[in-house]
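Visitor: Sequence and predicted structure, then a few things I'm wondering about:
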Amino acid sequence: MRRRLSSALILLVAALPVAAAAKDRVPEDAFAPTAPVPPPAAPANGAIFQGGYVALTSGGRAGRVGDIVTIQLVERTIASKSNAAGTQRGGSIGLSPPSTGPLSLFNPSDIGMGGDQAFKGKGEASQSNQLAGEISVTIAEVYPNGTMLVKGEKLLTLNRGDERVQISGIVRAIDIGPDNRIASTRVADANIRYVGKGEIARASKQGWLQRFFSMISPF
């Protein structure tokens with residue numbers, strides 16, 4: 001029985017890294033670039049203007065599937081919270097015994113009492129995040145209301161590991177500038193991932209055995 005429990009514990013510990021990796025895994029095509037849709041064949045009707053042309057008023061602004069849009073990453077969030085509480089309470093009582101009679105044997109200190117009570121508590125929490133840079137993505141879908149789904153990624157291979165920036169979300173055509181740039185704060189339902197792998201990324205994480213004991217530790 002003890003041997004079975006030991007084997008089950010070893011299997012559980014060995015499966016933790018695999019489960020953690022599967023949790024963070026995303027489909028390979030989730031941020032893959034989208035190729036432009038080939039234009040339909042022009043009908044042989046002799047007309048000068050055919051469907052699919054770009055109006056002169058739009059210039060070179062992106063608006064079709066496969067067009068490239070540059071997203072400026074200007075993410076910055078700051079959150080803080082603090083609270084404090086304090087209470088204090090005190091009381092005392094004292095009686096003076098008569099100077100004559102049987103109660104004169106007591107001293108004033110024998111029948112005097114007092115008490116104090118105090119409490120003070122304080123809590124603070126703060127968090128800040130910042131992400132700056134640029135990433136060019138492609139338009140994956142164009143919706144009837146004028147919004148567009150954009151997605152893309154950037155892979156940086158450094159001498160000590162790889163850095164990957166992935167982003168997807170919905171943008172409005174009116175928010176795209178003449179130079180096909182848009183701020184990340186204008187991206188709705190934004191999914192921004194900044195991940196890395198290599199020896200630097202591994203050094204900043206806990207080992208799988210330490211993560212296991214952190215999960216089962218009651219402290």
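Guide: That came through fine. Numbers count the residues shown, from 1 in each chain.

Visitor: What's the local residue count around the spatially closest residue to Ile174 that is not a sequence neighbour?
Guide: Nearest residue to Ile174 in three dimensions, chain neighbours excluded: Gly146, at 7.4 Å (CB to CB, 6 or more residues apart in numbering). Quick note: C-beta positions are derived from backbone N, CA and C, even for glycine. Residues near Gly146, counting by other CB atoms under 10 Å, number 11.

Visitor: again with Pro33
Guide: 14.

Visitor: State the distance from it to Ser184.
Guide: Distance of Pro33 to Ser184, computed by CB to CB, to the nearest Å: 18 Å.

Visitor: how about low-confidence regions in the protein?
Guide: For the chain, applying pLDDT under 70 flags the ranges 1-29, 39-59, 94-113, 200-201, 204, 219.

Visitor: hang on, isn't Glu141 packed against Thr147?
Guide: No: using CB atoms under 8 Å, Glu141 makes no contact with Thr147, being 9.1 Å away.

Visitor: more crowded one of the two?
Guide: Applying other CB under 10 Å to Glu141 and Thr147 shows that Thr147 carries more neighbours, namely 16 against 12.

Visitor: Looks to me like Asp179 is in a helix.
Guide: No: going by DSSP: H, G, I helix; E, B strand; the rest coil, the assignment for Asp179 is coil, not a helix.

Visitor: Show the backbone phi and psi for it.
Guide: phi -90, psi 20 (degrees, to the nearest 10).

Visitor: give me every residue that touches it.
Guide: Neighbouring residues of Asp179 by CB atoms under 8 Å, 6 or more residues apart in numbering: Thr70.

Visitor: partners of the longest strand anywhere in the chain in the sheet?
Guide: Ranked by number of residues, the top strand in the chain under DSSP state E is strand 113-142. Strand pairing for strand 113-142, determined by DSSP bridges: strand 68-93 (antiparallel), strand 147-158 (antiparallel).

Visitor: Please spell out which residues along the longest one are buried.
Guide: This points to strand 68-93. Neighbour-count burial for strand 68-93 flags Val69, Thr70, Ile71, Gln72, Leu73, Glu75 (criterion: 16 or more other CB atoms under 10 Å).

Visitor: next one: the shortest one
Guide: By neighbour count with 16+ other CB under 10 Å, strand 147-158 contains the buried residues Thr147, Met148, Leu149, Val150, Lys151, Gly152, Glu153, Lys154.

Visitor: Among those, give me the pair with the biggest separation.
Guide: The distance between the two most remote of those (CB to CB) is 23.2 Å, for Thr147 and Lys154.

Visitor: ok, how many other residues are close to the residue nearest to Asp162 when sequence neighbours are not counted?
Guide: Leaving aside its sequence neighbours, Asp162 sits nearest to Lys197 (CB to CB, 6+ apart; 5.4 Å). Neighbours of Lys197 under the rule other CB under 10 Å: 11.

Visitor: Now do Arg89 against Gln210, distance only.
Guide: Distance of Arg89 to Gln210, given as CB to CB: 46 Å.
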